[in-house]
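Participant: the following comprises the amino acid sequence and a computationally predicted model.
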Amino acid sequence: MDYLKSGKTILYPTDTVWGIGCDATNPIAVQKIYKLKQRAESKSLIILVDSIAMLQSIIKNIPLKIIDFIQNTSKPTSIIYTNPTGLAKNVIARDNTVAIRVTTDPFCKELIHKLGAPIVSTSANISGEQTPENFNEINERILESVDYIVPLQYDQTQGKSSQILRLQSDGTLLIIRA
């Protein structure tokens, strides 16, 4: 927890794949993740929140049918929203959007709750490389570059990346990644 509060990066298991994370409200920490992943800042990062309430603190006026969808889906789903507030500017895409997932993973929920802020959750790979399915497939450069590696689930195969949907202006969801 102290790592996140002090602007450092972590490598941690999520409800999907191993992720690289930081406090999503800290622009210096977010910059470290872009550098670590060798990723252009024009590509936004996925953000995890611990609850609908935290989501609503970032995104105003979420349609009730979207909240209902989030509460009833069993598949990890990141939704792209417009006009986020309270996040580091460099975690938001140039078109003023950000992908956010309400995590169901107990460890992630507790981590976010204790931090009191959303966290970045980007796959633990160098940009352009394949997403690792388990800890042993994570590139050595990632392992050496993060400030802290969470000592959990090293021997487990994680799930696959979340589906990504975009909330359209008419309130419908467009599938970006299934």
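Facilitator: Here it is on my side, so go on.
Participant: which residues of the chain fall in strands?
Facilitator: 10-13, 18-21, 46-49, 77-82, 97-102, 119-120, 122-123, 148-149, 163-167, 173-177 (DSSP state E).
Participant: who does the fifth one pair up with?
Facilitator: Using DSSP bridges, the strands paired with strand 97-102 are strand 46-49 (parallel), strand 77-82 (antiparallel).
Participant: list the buried ones in the longest one?
Facilitator: Okay, so that is strand 77-82. By 16 or more other CB atoms under 10 Å, the buried positions in strand 77-82 come out as Thr77, Ser78, Ile79, Ile80, Tyr81. All C-beta atoms are positioned from the backbone trio N, CA, C, and that covers glycine.
Participant: equivalent analysis for the shortest one, please.
Facilitator: Along strand 46-49, these residues count as buried under the neighbour rule (16+ other CB under 10 Å): Ile46, Ile47, Leu48, Val49.
Participant: with respect to Ile20, which of those residues is nearest?
Facilitator: Ile46 (10.6 Å; CB to CB).
Participant: quick revisit: of all the buried residues of strand 77-82, which two lie farthest apart?
Facilitator: Thr77 and Tyr81, at 12.4 Å, using CB to CB across the buried residues of strand 77-82.
Participant: and the buried residues of strand 46-49 as CSV, adding pLDDT?
Facilitator: CSV is the format used below for the buried residues of strand 46-49 (pLDDT from 0 to 100):
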residue, pLDDT
Ile46, 95
Ile47, 97
Leu48, 98
Val49, 98
